[in-house]
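>>> Sequence below, structure please.
(one chain, ligands or ions: 2)
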Amino acid sequence: MELSSLEARIKEMLPKEAEISKVSLEGSEIVVYSKNLDLLLEDENLLRALAAEFKKRIHVRADPSTRMPAEKAKEIILKLVPEEAEVSNIYFVPENGKVYIEARRLGLVIGKHGQTLKEIASKTKWVPELWRVPTGSSPALTGVRHTLIKHAKEIQKFLKKTGEKVYSEAKPLQWSRLTPLGGAREVGRSAFLLETNNSKILLDCGINVASRDRAYPMLDSISFPLDELDAVVISHAHLDHIGFIPYLYKYGYDGPTYCTPPTRDLGVLLMMDYIEVLMREGRDPPYGKDDIKEFVKHCITKDYGEVTDITPDMRITFHNAGHILGSAAVHIHIGQGFHNLLYTGDFKFGYTRLFDMIETRYPRLETLIMESTYGGPQDIQPPRYTSEKMLIQTILETVDKGGSVLIPVFSIGRAQEIMLVLEEYARNNEWDIPVYLDGMIKEASAIHTAYPEYMKRAIQRRILHDDSPFDSEIFIEVDKSKRDQIAEEGYSVILAPSGMLTGGPSVEYFKKMAENEKNTIIFVGYQSEGSLGRRVQTIGLTNGQGKEIPINEDGKTVALKINMRIETIEGFSGHADRNQLISFFKKVTPRPQKVLVVHGEEKKALALSRTLSRGRLEVDAPRILDSVRLR
Ligand SMILES: [Zn+2]
Ligand SMILES: [Zn+2]
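Ligands and ions are numbered 1, 2, ... in the order given. Take a look at the predicted model:
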C-alpha cells in the first residue's frame, strides 16, 4: 500500500481528536505523528485495531510542536526515574521524536507494567528508547551509540527512503531463486543472493579469514551494480557472516542491513579488530573504519520475533539460533504465501550454558537452508559434562607441573562459554589459578551484559542482580605488554583469540609457549582447513610432539619445535554436531520440501545431504554460483 492511501486509511480509523499530523514510513515501520499522544497511549484498543488492519505494530510519536523542550524534559525524566536505575546519558533526537535513555538498570526505567515509560512519554511527549549500560567498558558499543545519535538526521532520511521502497508496488511474483556466492561446500565467506522478479537481497556477506585466495564472496559474478541490491540480512556477528559488509558500502551499496542489536555491536567490534590486525601485519584491508561506520548508519536492528517487511515482496523474522549472542535463524516469507524459507545461519541444537537451542517451529516452510560444519560421519561431539570434566582435568594436570594452558578461542562465543565453565568450577571448588583474557574477550563479554535478554534465564538473572559471571575475580584482562611474562611464568590459563591461530594474541602466546613441554594447548572450537590451528591439532592427533613446523616470524620463515601437550576437547562448539543437525532436521516444523546444505567442507556437506535425502524430499549441497530455483 502506498503512503498516501495508507495515511488516508489510518486517519479514517482513528478518532478526529487524535489529531494526526503526519504518517511516515521509516524503514519498515509505519509511524503516526499525533498532536494528542496521550489519547493514543491511553486507549490501547486504537493501536491494536491498526495493528490488526495492517498486520504490524504501528508506532506513535508526538507532533514536534507539542514536545517539551529537551532541558525541561530531561529534568522530568530524572525525577520520574529512581536514582538506583543509574541513568548515565539522555539524548534527545528531534528528527525522530525519541529520547534515548542509557541506564544500568533498565527495569527501573520501565517501571511496573511499563508505567514509568508511559509517564515519560505522556509528560514530555518524547518517546523513550532504552539502552542498557554494560558492566564493563566497550568502546565499540559506545562508538555505535554515538554514531546513531550524531548522524540521526542522515539516518532518518535513509529510513524514509527505505520505507518508500519497501512499500512501493510489486509486480506479480513469477519466480525466486537462491545463488551461493560463498560459504557453499566450504566454511567461510558465507553469502547467498536471494532474488525474485521484484527483489534482490543478500543473506550474510562474510570473509574467510583462513584463506588468502578464497577470502571474499564472489560479488563480481553478480550481473547488476551493488546499488540495485535491496537489502542485506545478517544471521550473526562472526566474520565469516558479517565481515565483508563494509566493502558493500565502500563500493556503492547504500541500502539497509538487517540484524539483531547484539549482532550490530559485536560485528563492529570484530570488523574493527579485523582491519587493525591486517594493518599490523602490513596487509591492505578491503575497507576502512569509515566504511564500518556506514554499516552502523545503515543498520536496521530487529529483535527475535519482530516481523519486518524488507522489500515489497519479502518479509523476514529473526529467531533464536543458539549459536552466539544475537545469532538468528532467518525466516523469509516471499509474496503472499509464494514461498517460505528458513536460513539457519550457524546454529546449536543441544545444551550450552549461554543460550537456548535453535527454534524449531515456524509458521510456514518450504525450503530449509542449513549449515553442516559438523556434518561428517565422524563429527559426533561427546556430552557436555564429559567435555567440561576433561577441560578442568587437563588444566589441573598442566598447572600442577608448573605449566600454563593456552586456549585459543573466538572472542565471541567459545570464550564466554569456557569462561562460564571455569567460573562455576572456581565458585564451587578451591581455585587460585589466574585466567588471563587477552584480545577482545573482555570487551565482547561486556557487550553480552548489555543484552541479558538474549541469554538463558539463569545468566540473565545473575547479570540483572549485579552478579555477572563474566566479572568474576578469576578473570584478569591483559594486554600486549604482559604477554612475555605470562607465557614464561606458568600456572595460569590463557584465553586468547583468534580461535584457529590465524592471527592475534593466541598466535603470539603459541610461539612463546610451544617449545616448553610443561605447557598445554587446548582446542575447543572448529579449526578451519589451512589454518595454523588445524596443523597443530593434526600433530596432536597423530602423536607428533617434537615435530618442527615452519612459522612466520617478522616476515621470515623459521622452524618452531612443538613440545607442548596438544589436546582437542570437543563438545564446547556453538555448532550442532552431526546428530544434532539430523535431529533438528527431523524436528523442524512444518516439514520442508527442499533442503539446501551449506556452510560445511565439501565432504561434510555432501555426507549430510546424502543422509538427509530420503523419500521425496529434495536435498542438495549446491556449489558456489549454482543457482537453485525455489519456485
Ligand atoms: Zn558463527
Ligand atoms: Zn559460520
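
>>> Check the burial of whichever residue of the stretch 351-500 of the chain sits closest to ligand 1 by counting its neighbours.
Per Cβ to the ion, residue 413 is where the stretch 351-500 of the chain lies closest to ligand 1, at 6.9 Å. C-beta here means a position set from N, CA and C on the backbone, and glycine is covered the same way. When neighbours are counted by other Cβ atoms under 10 Å, residue 413 registers 29.

>>> distance of the closest residue to it other than its chain neighbours from residue 500?
Once flanking residues are discounted, residue 413 sits nearest to residue 324: 4.0 Å by Cβ to Cβ, 6 or more residues apart in numbering. Distance of residue 324 to residue 500, given as Cβ to Cβ, to the nearest Å: 16 Å.

>>> how near is the residue in the stretch 451-600 of the chain that ligand 1 sits nearest to to residue 412?
Ligand 1 sits closest to residue 574 of the stretch 451-600 of the chain, with a gap of 6.6 Å, by Cβ to the ion. Residue 574 is 9 Å from residue 412, where distance means Cβ to Cβ.

>>> Between the two, tell me which one has more neighbours.
residue 412 (30 against 27).

>>> avg pLDDT for stretch 83-102?
Per-residue pLDDT values over stretch 83-102 give a mean of 96.

>>> buried ones in that stretch?
By neighbour count on 16 or more other Cβ atoms under 10 Å, the buried set for stretch 83-102 is 85, 87, 90-93, 96-102.

>>> now do stretch 14-33
Neighbour-count burial for stretch 14-33 [16+ other Cβ under 10 Å]: 14, 18-20, 23-33.

>>> what's in contact with that stretch?
Stretch 14-33 has contacts (Cβ atoms under 8 Å, 6 or more residues apart in numbering) with 3, 6-7, 10-11, 34-36, 39-40, 46, 50, 54, 56, 58-64, 96-97, 156, 159-160, 162-164, 166-167, 256, 300, 308-310.

>>> likewise stretch 445-465?
Contacts for stretch 445-465 (Cβ under 8 Å, 6+ apart): 105, 107, 131-138, 140-141, 260-262, 265-266, 269, 325-326, 353-356, 415-416, 419-420, 437, 468-471.

>>> just stretch 383-403 next, same as before
350-352, 381, 404-405, 418, 421, 425, 433, 490-493, 516, 518-520, 522, 524, 564-565, 567, 569-572.

>>> quick one: average pLDDT of it?
Stretch 383-403 comes out with an average pLDDT of 97.

>>> I'd like the distance from it to the chain centre, please.
Distance of stretch 383-403 from its chain centroid, counting by Cα atoms, centre = their mean, to the nearest Å, is 30 Å.

>>> Overlap of the contact sets of residue 574 and residue 412?
residue 324.

>>> Give me the distance from the lowest-mean-pLDDT helix or strand in the chain to the chain's centre.
Least confident helix or strand, the chain: strand 548-553 with a mean of 87, by mean pLDDT, DSSP states H and E. Taking the mean of its C-alpha atoms, strand 548-553 sits 34 Å from the chain's own mean (Cα atoms, centre = their mean).

>>> What is that strand packed up against?
Judged by 3 or more Cβ pairs under 8 Å, 6 or more residues apart in numbering; DSSP states H and E, the packing partners of strand 548-553 are helix 532-541, strand 556-561.

>>> And the contacts of the longest one?
Same thing as helix 532-541. Under Cβ under 8 Å, 6+ apart, the answer for helix 532-541 is 408, 499-502, 507, 510, 521, 523, 527-528, 544-545, 547, 549, 551, 562, 566-568.

>>> my guess is residue 566 contacts residue 545, does it?
Yes. With contact defined as Cβ atoms under 8 Å, residue 566 reaches residue 545; the gap is 7.0 Å.

>>> Among those two, which residue is more densely surrounded?
Using other Cβ under 10 Å, the more surrounded residue of residue 566 and residue 545 is residue 566, with 22 against 14.
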